[in-house]
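pasting the sequence and the predicted coordinates here, then a few questions.
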Amino acid sequence: MRLHPILAALTRHKIPVSLLVLQVALTLAVLSNSSFMLADYLRRISIDSGIAEERLGILKLMPYTEQQTVDVNARVSQYLRGLSGVSDVGLINTVPFGPREADLGVRLAWEDQKNQVGAHVFTLGPDTFQSLGLELIAGRLPMPSDFVESASTLPASGTVYVTQALAERLWPDDGALGKTIYVNASRFTIVGVIRHLLRPEFELQPLDQSDWSLAVPMSPGAGLYGNYVFRAPASQLESTLASIRRSFAKEVPGLAVDEQNTQSVAALRSMYLQGDKSVMGMLASIVLLTLITTMLGIVGLTSYWVRRRRRQIGVRRALGATRWAIASYFIVENGMIMIAGCTLGIALAYAVNLELMRYYSLGRLPLVYLPVTFIFMIVAGQLAALGPALKGSRVQPVDAIREA
Amino acid sequence: MPRALTGNALYYIGIAWRSIFRDKWLSGLMVLALAVGIGACMTTTTVFHILSGDPLPGRSQHIFYVQVDGDPQHATAKAPWDVLDYRTAKDLAGTAPAGRYALIASSSALIARTEEVTQPLQGHFLATNHGFFQMFGPPLAYGRAWTEDDEVHRARVAVISHEANQQLFGGGDSTGKTIQVGDVGYRIVGVLAEWRPRPLFYEVAGGALMRDSASTFFGKLEDVLIPFDTAVEQHGKLFNPWYCWRQPGENESLTQSQGCLWVQLWVWLGDPAAQAVFDHRLSGYAAEQRSLGRFDVTPHTRLMSLMDWLSYNGVVPDAVRLQLGMAYCFLFICLCNAVGLLFAKFAGREHEFALRRALGATRGAILAQCLVEATMVAILGGIAGAGVSSLGLMLVRRQPFSYADLAHIDLPMLALLGVISLACGALVALVPASRAAAVPPAAQLRGGAA
């Protein structure tokens, strides 16, 4: 097929053609940058917390004034063990998707205040390691002697577990087992490495730091109380929690549960990620609308050109042009518009990305997005033009005569 | 003449109406594209408008937020920590001009009626001082605010919110009754009328450090307001520090701790001179405290106006700005679409225009007719756009953000809707219409319907 006549016809309609080119370019810029952002959100909402979310529930107490924390822990644990289906009751300061309790600086040398690595410190009571379902990839499980007493939120010294990600950050070329770290005024020896343990409120940090956590075994007492984790079958978990919220005050007099934070970990997760999910929804719907609008625009304009040229089509058909020749004319015409629009669009996408990097915490658009959206847009444009083009190819030679 | 004009206008509208219906699909496409574009813009603009509003109109320009940061590890940071330690807040409050300041700290607590045994409310209390009422002007439905005298005598008095009054007392004048906060009873001296500053400006601290945090900035007022010093005396242990750059010692309370930040200080500065004086006083205080040895470095200080403080803390989240940008970009795409389609449409009628020109219609007449038709498309688009935006806002209200329930279209937004759709109409109409009007009469007739 010769392209020259098509190009000549296009230049006769400069304004509608250039508007369509501009529209395609903008759509490509929106599409590439939005899919990049959507991919980032997708990574956030599908993050691995490292614990058995589906089967874990949390019971959190409201603040209380008495100082008999040992007694409180015993009473609440006993109450929880008495519920049907509940097993593996343990104490923990907070859980992934719960409130942040101890974002602290980790030091490799006692006196080195400059090079601190921020990590979240979880404190775990006996049995909590197992009930969370943490995956140990090196070292040993906690032993009874690891659980040390402390009056404050961290023991002065003891053993600690690090996540794989944090171990790699602290000792890039060396194993972590047996090493010593310092946190605030405490000194810990690493006895195990765990696969994952997500920091609470992980979105406050860059995504690659979301797994920087420590887990410190500790005895229940004045430094660890009031927040309990337990296992129950996934199907029973919500009803168990509902009955806790309902009957706790009667069963354990003098104490009250913090209803907002007495939840299944799955519920805490979906509450924490709700905002991200709805931003994703809005982003995706704007992208979809943009794409649909542009495709409808292509359909509308192509059908108009087809209709305006009915006479010429009829004449060409009468002179022996095949249906395919007629349809391919419009397909190629659309292809030229799309290629021009997408090429301009790539430049525009890049410019939009630079602006987004300046004003929002967004990274550089990976190059692979450009060819992928380019091809996608071309295919979408061709599909949009296909219907009107085929309709044009069905014009009979006799139509041309009737029309005049 | 006027009659002729009206007659003409009616004639054009008639022609336009028939033309719109002749190409149902094409016209529908244009109206739909404009409607969705305008609807998306209106939805995001309304959300933006709500989020960027002034919580205290008429007052906000006089209200300032005080920051003093003595954390040695934070000395090189761009901005001081957002909240003050107890001692600094108290010291600086004492120097506020005319004693117009508000200290603020809050905590959750069990709240209940004293006289009746009912299920306690898991609520929140706000510890503040009488300056809160003077400066921020919350409207009272019953009773009064407490006085400086009450504060000096450590009176256990409280002002409760409209919602708490409804929930605990079923509404009505509850002054004189008592309310339990934790295990302490307070006599109610005032009941607030409905009041919800947007955003709840004393909740935004720390926003600059977080990602998309506005979801918590538009919440409701605390249930109970009690005098600051009384609250610290009675419930000192309940307060959670915002941040501790040095952990408190074994027997150190929050009020003694140097490194735990948990009190906000707002001051009223009536004019630029007062602001300059107070700003100077802040740096003087910082230097003095350094020389007294209370801090290891000279604290970094900052005085920010209420509106600056809100924007510094990112009250309008990035996601909302992004959506706003995308919606206008989308509207632009819709406009391109409509212009292109209208162009094609008028081009299809060149023969008709040529004929009318040959029969004596002026260029102006053709132009007017095309403009009327394009404007009608834009008006239809605008009306449908209002529907789309109310649908969009309904979707926003179902989202899990604290501002979600505020997402309603208001009068200025409705006016903007009208302006946007007419501007769209003009933009869409002008170029295609002027091209259509430029059709020479003879050439077209000779060429036939090419």
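That came through fine. Numbering: from 1, shown residues only, chains lettered A, B, ... in the order given.

and the helices in the stretch 151-300 of chain B?
Ranges of helices within the stretch 151-300 of chain B are B:162-169, B:228-235, B:272-291, based on DSSP state H, counting those that start in this stretch.

in JSON lines: those helices, plus mean pLDDT, mean neighbour count and distance to A:L390.
C-beta here means a position set from N, CA and C on the backbone, and glycine is covered the same way. Output for the helices of the stretch 151-300 of chain B, formatted as JSON lines (pLDDT from 0 to 100; neighbours: other CB atoms under 10 Å in any protein chain shown; distance: least, CB to CB, whole Å):
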{"stretch": "helix B:162-169", "mean pLDDT": "92", "mean neighbour count": "20", "distance to A:L390": "63"}
{"stretch": "helix B:228-235", "mean pLDDT": "93", "mean neighbour count": "20", "distance to A:L390": "76"}
{"stretch": "helix B:272-291", "mean pLDDT": "94", "mean neighbour count": "15", "distance to A:L390": "72"}
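
what secondary structure does A:L59 sit in?
A:L59 falls in the strand class when you classify it by DSSP: H, G, I helix; E, B strand; the rest coil.

mind checking the helices of the stretch 151-300 of chain B for the one nearest to chain A?
Nearest to chain A among the helices of the stretch 151-300 of chain B is helix B:228-235 (9.5 Å), distances taken as CB to the nearest CB.

coming back round to it: out of the helices of the stretch 151-300 of chain B, nearest to B:P400?
Among those, helix B:162-169 comes nearest to B:P400, with 19.9 Å by CB to CB.

near chain A, anything from that closest one?
No - figure legend: helix B:162-169 not in contact with chain A (CB under 8 Å from any CB of the partner chain); closest approach 14.8 Å.

circling back to that earlier point, and the helices of the stretch 151-300 of chain B as a markdown table, adding distance to B:P120?
A markdown table is the format used below for those (distance: least, CB to CB, whole Å):
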| stretch | distance to B:P120 |
| --- | --- |
| helix B:162-169 | 10 |
| helix B:228-235 | 15 |
| helix B:272-291 | 41 |
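
quick one: closest of these to A:I137.
Within the helices of the stretch 151-300 of chain B, the stretch nearest A:I137 is helix B:228-235; the backing value is 45.2 Å (CB to CB).

anything in that closest one near chain A?
No - judged by CB under 8 Å from any CB, helix B:228-235 stays clear of chain A, getting no closer than 9.5 Å.

related to what we said a few turns ago, so for A:S77, which of the helices of the stretch 151-300 of chain B sits nearest?
Across the helices of the stretch 151-300 of chain B, closest to A:S77 is helix B:228-235 (CB to CB), at 28.0 Å.

what about dumping the CA coordinates of the closest one to PDB?
What follows is helix B:228-235, C-alpha atoms only, in PDB (Å, rounded to 0.1, in the frame of the first residue of the first chain):
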ATOM      1  CA  PHE B 228      -4.700  21.600  81.400                       C
ATOM      2  CA  ASP B 229      -3.100  21.700  84.900                       C
ATOM      3  CA  THR B 230      -5.900  19.700  86.500                       C
ATOM      4  CA  ALA B 231      -5.600  17.100  83.700                       C
ATOM      5  CA  VAL B 232      -1.900  16.800  84.200                       C
ATOM      6  CA  GLU B 233      -2.300  16.500  87.900                       C
ATOM      7  CA  GLN B 234      -5.100  13.900  87.700                       C
ATOM      8  CA  HIS B 235      -4.300  11.900  84.600                       C
END
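
could you list every helix and strand in contact with that helix?
The helices and strands touching helix B:228-235, judged by 3 or more CB pairs under 8 Å, 6 or more residues apart in numbering or on different chains; DSSP states H and E, are strand B:101-113, strand B:121-128, helix B:148-152.

what's the closest of these to B:S434?
The nearest among those, by CB to CB, is strand B:101-113 at 60.7 Å.

what angle do the closest one and strand B:121-128 make?
For strand B:101-113 against strand B:121-128, the angle by axes from the mean of the first three to the mean of the last three CA atoms, to 10 degrees is 160 degrees.

what angle do strand B:101-113 and helix B:162-169 make?
In terms of direction (the same axes, to 10 degrees), strand B:101-113 departs from helix B:162-169 by 20 degrees.
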